[in-house]
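Asks: Give me coordinates for this.
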Amino acid sequence: MIDLGKFNVLGINVSAIDYESAVQQVVEAGRKGEPLAVTALAVHGVMTGVGDREHQYRLNQFDLVCPDGQPVRWALNRLYGCGLSDRVYGPNLTLKICEAAAAAGVSIFLFGATQEMLDGFAENLGAQFPKLQIAGKRASKFRHLTVAERDELAAEIRSSGAGICFVGLGCPRQEVFAYEMRERVSMPMIAVGAAFAFHAGKLAQAPPWMQRLGLEWLFRFTREPKRLWKRYATTNPAFVSLFALQKLRLYKRHPEAGVKPQSDVLFG
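Replies: Numbering: from 1, shown residues only. Next up is the predicted model:
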């Protein structure tokens, strides 16, 4: 079990952690009813914080920022010698948390995506983990919520009896949601993005060899070129360039350089 703490990658404090430690912390917090904000960031997720000082602040308030992408893991290893042998991939983390939650008797809540996707996700989780209790699920409205709607949703999640809430709204909306709702629901909020689509059978995952080589972005690009071309054409080169400059000590951005958001209009 590995948890070496957090390390500055382009101004974002990323957790040098493995699956076992992340799962243990999430399930323990869920069992105790304690708030915990968790996300798994690939290159795009890190760069959302680099390009937005308020979002940098949000990400650096998270309890766990897992290295979802291989380049993020490589950055931890090459900048700080962390020696991580594997990333903590959001879709895999989701299944490992569900397995441990089922064994511990901690129920879950699913928030985000469409009703069809949620139903497929819940059905597949139930088939894979028969003892897993799904206390509730709510599809996204795909718009900004009013304060009353936010409070109603928080009350629904709390009253469901769930100990852990998975959030699938896409990056960075899911991180904003987890940041804003953590204290309101007093349970682990796990921002896992595409895990909903993957495990509902709506989106194909890259072959293992592409994942190992850090080429998952290429696989996803071939599936959704119109939606993803701009993201990968800008964020990937920017990450590599800034990482090289940080390695050479020519780029220094302190995690405390973020600006606390004055208010958030919650998307949900």
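Asks: what separates stretch 35-43 from the chain centre, distance-wise?
Replies: Offset of stretch 35-43 from its chain centre (C-alpha atoms, centre = their mean, to the nearest Å): 4 Å.
Asks: Tell me if I'm right that residue 18 and residue 2 touch.
Replies: Yes - using C-beta atoms under 8 Å, residue 18 is in contact with residue 2, at 4.2 Å. The way it works is simple: take the backbone N, C-alpha and C, and place the C-beta from them, glycine included.
Asks: Wasn't residue 16 part of a helix?
Replies: No - counting by DSSP: H, G, I helix; E, B strand; the rest coil, residue 16 falls outside a helix, being strand.
Asks: Excluding its own residues, what touches stretch 247-255? List them.
Replies: 8, 10-13, 50, 56, 60, 78-79, 242, 245-246 (C-beta atoms under 8 Å, 6 or more residues apart in numbering).
Asks: can you rerun that using 10 Å?
Replies: Stretch 247-255 is contacted by residues 6-14, 49-50, 53, 56-57, 59-60, 75, 78-79, 241-246 when judged by C-beta atoms under 10 Å, 6 or more residues apart in numbering.
Asks: For the nearest residue to residue 52 once chain neighbours are set aside, give me its contacts.
Replies: Leaving aside its chain neighbours, residue 52 sits nearest to residue 172 (7.8 Å; criterion: C-beta to C-beta, 6 or more residues apart in numbering). By C-beta under 10 Å, 6+ apart, the contact list for residue 172 reads 39, 41, 44-45, 47-49, 51-52, 55, 58-59, 179, 191, 193, 267.
Asks: From residue 116, how far out is residue 233?
Replies: Note on residue 233: its distance to residue 116, by C-beta to C-beta, to the nearest Å, is 31 Å.
Asks: make that residue 74, sorry
Replies: In terms of C-beta to C-beta, residue 74 sits 36 Å off from residue 116.
Asks: Looking at those two, which has the bigger crowd around it?
Replies: residue 74 (15 against 11; other C-beta atoms under 10 Å).
Asks: which other residues reach the helix or strand containing residue 198?
Replies: Secondary structure from DSSP states H and E places residue 198 in helix 195-199. Residues outside helix 195-199 that contact it (C-beta under 10 Å, 6+ apart) are 40, 89-95, 98, 110-114, 117-118, 120-125, 128, 140, 166-170, 174, 192, 202-205.
Asks: For that helix, what is the distance to the chain centroid?
Replies: That offset, for helix 195-199, works out to 13 Å (C-alpha atoms, centre = their mean).
Asks: Grab the longest helix from this protein for me.
Replies: Criterion DSSP state H: the longest helix present in the chain is helix 225-247.
Asks: picking up where we left off before, would you mind measuring from the residue nearest to residue 52 to residue 24?
Replies: 27 Å.
Asks: what's the answer for residue 213, then?
Replies: Applying C-beta to C-beta, the value for residue 213 to residue 24 is 29 Å.
Asks: likewise residue 235?
Replies: From residue 235 over to residue 24 the distance is 31 Å, taken as C-beta to C-beta.
Asks: Repeat that for residue 239.
Replies: Looking at residue 239 against residue 24, where the rule is C-beta to C-beta, the gap reads 30 Å.
Asks: Neighbour count: these two, which is higher?
Replies: Taking other C-beta under 10 Å, residue 239 and residue 24 do not tie; residue 239 has more neighbours (22 against 14).
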